[in-house]
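Colleague: With the input below, show me the fold.
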Amino acid sequence: MKLTFKDVGQGDSILLEWEDGDQRKIGIIDCNRKYGKNPVLEHIEAEKYKEIEFIILSHPHTDHYSGMTELLTWIAKEGIIVKSFGHTVHLLASDYYKYLNGLEAGTKAKGELQKMFDKVDELVKSEIIKKIDFIIEGTVRDLTDEVRMKCLSPSKTEAEIYMKDVDLQPVKNPTKASASANHLSTMFKITIGDNYYLLTSDSECVTFARLMKENIHVNLQKKHLKIAQVPHHGAFVNYHAPFWDFVTRSDKPQAAISAGLHETYKHPHLPVLKAFNNQGYDIHCTNIVYGMIEFADYLNELAELTNKLDTFTEVVASNTGGDKFFDLI
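Modeller: Below is the predicted model:
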C-alpha cells in the first residue's frame, strides 16, 4: 500500500493505492489544482484506473477542492465508477445545502463549492458515484483484511463549535464561518498491524485536546505512530504539543506537510518544524518554502555544532520538495 501526498502547492491532495488480489485500487482525499494543472487527475489518467474506491472531501475549503469538479467531470466523461463520495458538511444539518454559501468567504470560492456539490449530485443520479458517505467520528472503512481506516474527527463536538462560532447563521457571518470550517476537517487513522498513520487535514487544536480528554481511541497509545500529516500545512495555531507527546511514536516516525507559496499564511511555520524534529520525526514537505527554508538553515547549523548530520549535502537531500511517497506495507 502506497500513501502519496501530491505536490499541489498550498493545499492538500492525498492518494492511497493498494492491491487486492489482482485488482489495483485507489482512494482520494481532496483534490487541489496547482498552476493550472490537476495532479490527481493526471495521476488517475496516467495509471489508467477504471474504478475509484472512494473520494473524500476533508472539509470545504478551496485549497482542498479546487480541482474536484474538474476531476469529477473527467471521471463522468471516461465512465469511471466511484464507489463512494464522502464529506462532513452533513454535520451542519440534514439540509446542509443551505449552509454552503457560508462555508467560503469569497464569491468565487462559494460558486466553486456549490458547483462541486451539484456535480456530485449529478453523478449520483447517473450512478457514476454509487453512494454518498456522511463521514463522522467512528466511521470505519476496511481497505483490506489487514488495513483499517477509521475517522477520529469531526464529531458532534466540532459541529457544535462551528455552529456556535457562526451563531447558527453562517451566511450572515461569512468570514467567521469560513475560518471555522476547519472544525469540519476529517482526521483519519489508518491501522496496519501494530502501526498507524494519521491524516489530519486542517484539524484544530480543540480536536486534538478532545481526543486526549476522551481517550476513547486507545490505539493512539497502544500502537505506534509511523507517519503523521502535520495539521493545517504546518500552521503554528494548529500545533497542539500535548497531543504529540500523548501519542506513542515508532522508532523512526515521519512527518508529512503539504504546503506551498502563499504570502498570507507562509506555511509551514518554523516552530512547528522544530517541535516535530525535536520529537524525532523526519520531516517531508511538498515544497521548500517559508519555514522549511529556515529549517534547512537550522539543520545545517545543528550539523556543524553536533555532527548530527554529516554534511550540508545531506541536509539538502533530506529537504527537497515534490510529491511525498510512503510505503505502508
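Colleague: Now stretch 207-221: average pLDDT?
Modeller: The average pLDDT within stretch 207-221 is 97.
Colleague: List the buried residues in that stretch.
Modeller: Buried positions in stretch 207-221, judged by neighbour count with 16 or more other Cβ atoms under 10 Å: 207-208, 210-212, 217, 219-220. Using the backbone N, CA and C atoms, a C-beta is placed for each residue, glycine as well.
Colleague: Equivalent analysis for stretch 122-135, please.
Modeller: For stretch 122-135, by 16+ other Cβ under 10 Å, it's 123, 128-129, 133, 135.
Colleague: In helices, which of the buried residues of stretch 207-221 fall?
Modeller: 207-208, 210-212, 219-220 (DSSP state H).
Colleague: Out of those residues, which comes closest to residue 252?
Modeller: residue 220 (18.3 Å; Cβ to Cβ).
Colleague: tell me the contacts of that closest one?
Modeller: 189, 196, 211, 246-248 (Cβ atoms under 8 Å, 6 or more residues apart in numbering).
Colleague: got any ranges where the protein has weak pLDDT?
Modeller: 93-105, 168-173, 303-319 (pLDDT under 70).
Colleague: middle-most residue in it, spatially?
Modeller: For the chain, residue 201 is the residue whose C-alpha lies nearest the centre (Cα atoms, centre = their mean; 3.3 Å).
Colleague: Please enumerate the strands of the stretch 201-329 of the chain.
Modeller: 224-229, 249-257, 282-285, 324-327 (DSSP state E, counting those that start in this stretch).
Colleague: To residue 276, which of those strands lies closest?
Modeller: Of the strands of the stretch 201-329 of the chain, nearest to residue 276 by Cβ to Cβ is strand 249-257, at 4.6 Å.
Colleague: tell me, how many neighbours does residue 37 end up with?
Modeller: 12 (other Cβ atoms under 10 Å).
Colleague: Revised request: answer the last question for residue 53.
Modeller: Neighbour count for residue 53, taken as other Cβ under 10 Å: 20.
Colleague: thinking it is in contact with residue 26, fair?
Modeller: Yes - the pair residue 53 / residue 26 is scored as a contact, 6.4 Å apart, by Cβ atoms under 8 Å.
Colleague: The closest residue to residue 182 other than its chain neighbours and residue 159: what is the separation?
Modeller: Excluding its sequence neighbours, the residue lying closest to residue 182 (Cβ to Cβ, 6 or more residues apart in numbering) is residue 202, at 4.4 Å. Look at residue 202 and residue 159: by Cβ to Cβ, to the nearest Å, they are 15 Å apart.
Colleague: again with residue 183
Modeller: Counting by Cβ to Cβ, the gap from residue 183 to residue 159 is 7 Å.
Colleague: who has more neighbours, the two?
Modeller: Between residue 183 and residue 159, counted using other Cβ under 10 Å, residue 183 has the larger neighbour count: 25 against 19.
Colleague: from the middle of its chain, how far away would stretch 131-145 be?
Modeller: 16 Å (Cα atoms, centre = their mean, to the nearest Å).
Colleague: Can you give me the end-to-end span of that stretch?
Modeller: 22 Å (Cα to Cα, to the nearest Å).
Colleague: Now do it: everything it contacts.
Modeller: With Cβ under 8 Å, 6+ apart, stretch 131-145 has contacts from 1, 16, 18, 20, 25, 27, 53-54, 56, 83-88, 90-91, 120, 124, 148-156, 186, 190.
Colleague: again, 7 Å this time
Modeller: The contact list for stretch 131-145, computed with Cβ atoms under 7 Å, 6 or more residues apart in numbering, reads 18, 20, 56, 84-88, 90-91, 124, 148-155, 186.
Colleague: Return the members of those residues classed as buried.
Modeller: 18, 56, 84-88, 90-91, 148-155, 186.
Colleague: Next up, the contacts around residue 161.
Modeller: When contacts are counted by Cβ under 7 Å, 6+ apart, residue 161 touches 183, 206.
Colleague: Which of the helices or strands spans it?
Modeller: helix 156-165 (DSSP states H and E).
Colleague: how far does that helix sit from the chain's center?
Modeller: For helix 156-165, the distance to the chain centre is 20 Å (Cα atoms, centre = their mean).
Colleague: again with stretch 158-167
Modeller: 21 Å.
Colleague: The residue nearest to the centre of the chain touches residue 57, doesn't it?
Modeller: No - using Cβ atoms under 7 Å, residue 201 is not in contact with residue 57; the gap is 9.9 Å.
Colleague: Helices of the stretch 151-300 of the chain, start to end?
Modeller: Listed in chain order, the helices of the stretch 151-300 of the chain (DSSP state H, counting those that start in this stretch) span residues 156-165, 174-180, 205-214, 219-222, 241-246, 270-278, 291-306.
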